[in-house]
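>>> dropping the sequence and predicted coords here.
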Protein chains: 4
Amino acid sequence: MPTRRRRAGGTKRAAVLDAVVTVLAERGFENTRFTDVSLASGVAISTLQNYFGSREDMVIEAMEVFTEREVAALEAMSAAEADPWRRLVVLVDRSLHNSAATRRVLVEFWRSAMRDDDIGAHSAGVRTRYREPFLAAVREGVQRGDFTPAYDADTVTDLLLSTLAGLTIFAVQRGPAPSPEGLRDVLLAELRSVLGGKG
Amino acid sequence: MPTRRRRAGGTKRAAVLDAVVTVLAERGFENTRFTDVSLASGVAISTLQNYFGSREDMVIEAMEVFTEREVAALEAMSAAEADPWRRLVVLVDRSLHNSAATRRVLVEFWRSAMRDDDIGAHSAGVRTRYREPFLAAVREGVQRGDFTPAYDADTVTDLLLSTLAGLTIFAVQRGPAPSPEGLRDVLLAELRSVLGGKG
Amino acid sequence: MPTRRRRAGGTKRAAVLDAVVTVLAERGFENTRFTDVSLASGVAISTLQNYFGSREDMVIEAMEVFTEREVAALEAMSAAEADPWRRLVVLVDRSLHNSAATRRVLVEFWRSAMRDDDIGAHSAGVRTRYREPFLAAVREGVQRGDFTPAYDADTVTDLLLSTLAGLTIFAVQRGPAPSPEGLRDVLLAELRSVLGGKG
Amino acid sequence: MPTRRRRAGGTKRAAVLDAVVTVLAERGFENTRFTDVSLASGVAISTLQNYFGSREDMVIEAMEVFTEREVAALEAMSAAEADPWRRLVVLVDRSLHNSAATRRVLVEFWRSAMRDDDIGAHSAGVRTRYREPFLAAVREGVQRGDFTPAYDADTVTDLLLSTLAGLTIFAVQRGPAPSPEGLRDVLLAELRSVLGGKG
DNA sequence: TATGAATGAGGCTTCATTCAT
DNA sequence: CATGAATGAAGCCTCATTCAT
């Protein structure tokens, strides 16, 4: 019995994974059924099983692909801006303007990583790499003398990422809740203040 | 058609709800089965159905009871400290030192409120009341002249709560992640700096 | 274990049985639950069980009481009219003008008598007694010389009762169906013709 | 939400529907369980669910198929006899000689059509089409001059069908009851008399 | 007698999964 | 590779029922 068959399926595989992500955003981890993905992708259920082996593996792989893509996008974005502070602003803005679907998938991801071993393991790596561009920007700014934070770069980065995660959580709530975009100014001001240096 | 039967059952009801919360923390919303709660509480499955009507209603009610209790505790705690700044510190510390189970339930709660209509509606009220003690402390400090924030009280409060929520998210992740307690100092320092005033 | 406890319950028993009949007309044999009768009668479920022992016994007793009442009414009506032909007309008219609820219960009764042993046994007696007034009228008319049927009284009576039963069946159908009242004239004319004699 | 999935399943579907009818005749609408049909047909319960969606839909479809078949047989039989009167006799005889199982299903059908919306709607159509061959024979006989009834063709037909339905009801009762076959002569004589004309 | 609490039995239903084509 | 047919596992849920008061 193949533990996880990852390489079945041809070109449609990527498209199917997108469909899984869509369903995942809508219905959540446990409620993403083969039927839903079959409907969303136009691919027969048995074919999905050929691709992914089991339902869980399918959803998990979709989460992994999704988060990998997010990380890659962040890295690309990071590489495009030389100035540390402006780079941080760009990275923060990307997070603040995530689509509703993206936010929902992120919440699913955090919540599933708390329970599932596989996702949890993958999540640790993703977290590290997601954190990296932020951390690098802070460090670079310090090195350059742009920032003179009272706390070390790791701490500052963690605090920033926590706030961004919390804003994501609130953004998906129903009813009145602080919008990430609405808190942009104060968030950046505070960040700048924590980083110290010329502002 | 029984919409939602909330008041069936006798003295064991409260104890059962605690058991539900325990299972919920362990297994999550969708995986909290009647069997689990029956085992955890020593009450027959049919009794659970008699109490709550359906599995979902059972879990939802447990979430509601849990969050109500959290809010009530926060309010009590808030009433016990007169000084606005020290009150904020106490409130923040409470959040930072939540038990693992509490954090897991909170994550479940945020995630379920994003999907379920009933939980979502309840969640809106809870959010407002949970926010209230923080907001009141900020406002009171401003009124007293202790705080002179550059941003209005709502904004500052939302930012603080976002960070706390994000820290909760990270605290339940597997693998290396920033610990809420570890970020206490920088968080408080930053909060103090945003609030301005004598520090 | 008491096979069937028939004599529990006080004055409310009769009222409860009426409620059972009402529910029976609405929901049918298998779907007449304790809950329904409890709601319809304002009596607790456990009380119903005290009265009747089991659900089935409750419904069966209600059917028996109902059919007994029907037979008794028929007999009373029969006794009130001396002339055989006019008596037949009265009896036929009673059947043709049954209420919708009565018709539904009758259909339930016929259908249940086809399946359930107890109801079946009771039904045989009811059928005989229900038939009696019709049969007696026919026989009396023959004796008097009012009727000169080509077929014996039993046969004529059975044919008449079959037609009345069939009309009842159609009367409870949804959509277009012959109404018993609408067929009164032809039915009586035909009956008269079968009976022969002065008309 | 799958409203009613009618066309799932392969070649065994028709055979399964026959099994459902058999169980239905034995146990009745509400007591026709998946288990029974599974046993009677040799098909797994989940397969039944795959075919029909739900228990009720399964039984309803079986009823529909059964009644359609009855109607079709009647129509075929009607087409095979040119003479109106002989055609009526053939049609009546068919009804009078129905098998016990057929009669039981018919009673179930009439009774269910009284309660269930879907069956009720279907039943209306069936009733019309079942009536059609009888009605046509009467009309044709009138046109030809074979019949000279004092009542219009619809009325006469309805009366005849009522009697046949009533006989079916009585035929399935336990204990002494008029047998349809035993009433054949008087029924036909009466019918002939109502139709008038050369006899 | 009348009732509410608690429970067991039995059926339906959803889903993932296996298998043959 | 892709699919549809058939199936097994596992949970929910409705009910009648038992028991203590």
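Yes, it's here.
>>> spell out which parts of chain A neighbour DNA strand E.
Contact residues (CB under 7 Å from any atom of the strand) of chain A with DNA strand E: A:31, A:33, A:34, A:35, A:45, A:46, A:49, A:54, A:55. For the C-beta atoms, the positions are set from N, CA and C on the backbone; glycine is no exception.
>>> and with 10 Å instead?
For chain A, the residues in contact with DNA strand E (CB under 10 Å from any atom of the strand) are A:1, A:27, A:30-38, A:44-50, A:52-59.
>>> now the lengthiest helix in chain A: buried residues?
Counting by DSSP state H, the longest helix found in chain A is helix A:117-144. Judged by neighbour count using 16 or more other CB atoms under 10 Å in any protein chain shown, the buried positions of helix A:117-144 are A:118-120, A:122-124, A:126-127, A:129-131, A:133-142.
>>> then stretch A:169-189?
Buried residues in stretch A:169-189 (16+ other CB under 10 Å): A:169-174, A:177-178, A:180, A:183-184, A:186-189.
>>> is it up against chain B anywhere?
Yes. Remark: stretch A:169-189 sits within contact range of chain B at A:169-170, A:172-178, A:182-183, A:185-187, A:189, by CB under 8 Å from any CB of the partner chain.
>>> next: stretch A:51-62.
No. Against chain B, stretch A:51-62 shows no contacts by CB under 8 Å from any CB, the least distance being 12.1 Å.
>>> next one: stretch A:124-132
Yes. For stretch A:124-132 and chain B, the contact criterion (CB under 8 Å from any CB) is met by A:124, A:127, A:128.
>>> now the residues you listed in a markdown table, with pLDDT and distance to residue B:155?
Below are those laid out as a markdown table (pLDDT from 0 to 100; distance: CB to CB, whole Å):
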| residue | pLDDT | distance to residue B:155 |
| --- | --- | --- |
| A:124 | 96 | 33 |
| A:127 | 96 | 28 |
| A:128 | 96 | 31 |
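>>> of those, closest to residue D:10?
Set against residue D:10, the nearest of the residues of stretch A:124-132 next to chain B by CB to CB is residue A:124 (48.3 Å).
>>> so the closest one makes contact with residue A:131?
No. Assessed by CB atoms under 8 Å, residue A:124 is found out of contact with residue A:131, at 10.9 Å.
>>> how close does residue A:125 sit to residue B:100?
Per CB to CB, to the nearest Å, residue A:125 is found 22 Å from residue B:100.
>>> got the residues of chain A near DNA strand F?
Counting by CB under 10 Å from any atom of the strand, chain A sits next to DNA strand F at A:7-13, A:16, A:34, A:38, A:41-51.
>>> of those residues, buried ones?
Buried subset of these (neighbour count, 16+ other CB under 10 Å): A:9, A:13, A:16, A:34, A:38, A:41, A:43, A:47, A:48, A:49, A:51.
>>> need the max-distance pair from those.
Pairwise distances across these (CB to CB) peak at 15.3 Å, for the pair A:13 and A:34.
>>> now the two most distant members of the buried residues of stretch A:169-189.
Of all pairs drawn from the buried residues of stretch A:169-189, the widest gap by CB to CB lies between A:174 and A:189 and measures 28.8 Å.
>>> can you give me the end-to-end distance of stretch A:137-157?
Length of stretch A:137-157, first residue to last, CA to CA, to the nearest Å: 9 Å.
>>> ok, now stretch A:50-61?
14 Å.
>>> go through it and flag the buried ones.
Across stretch A:50-61, burial judged by 16+ other CB under 10 Å covers A:51, A:52, A:53, A:55, A:56, A:57, A:58, A:59, A:60, A:61.
>>> can you redo these as a markdown table with secondary structure, distance to residue D:89 and pLDDT?
Below are these laid out as a markdown table (DSSP: H, G, I helix; E, B strand; the rest coil; distance: CB to CB, whole Å; pLDDT from 0 to 100):
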| residue | secondary structure | distance to residue D:89 | pLDDT |
| --- | --- | --- | --- |
| A:51 | helix | 66 | 95 |
| A:52 | helix | 67 | 96 |
| A:53 | coil | 68 | 95 |
| A:55 | helix | 64 | 97 |
| A:56 | helix | 68 | 96 |
| A:57 | helix | 70 | 95 |
| A:58 | helix | 67 | 97 |
| A:59 | helix | 68 | 97 |
| A:60 | helix | 73 | 97 |
| A:61 | helix | 72 | 96 |
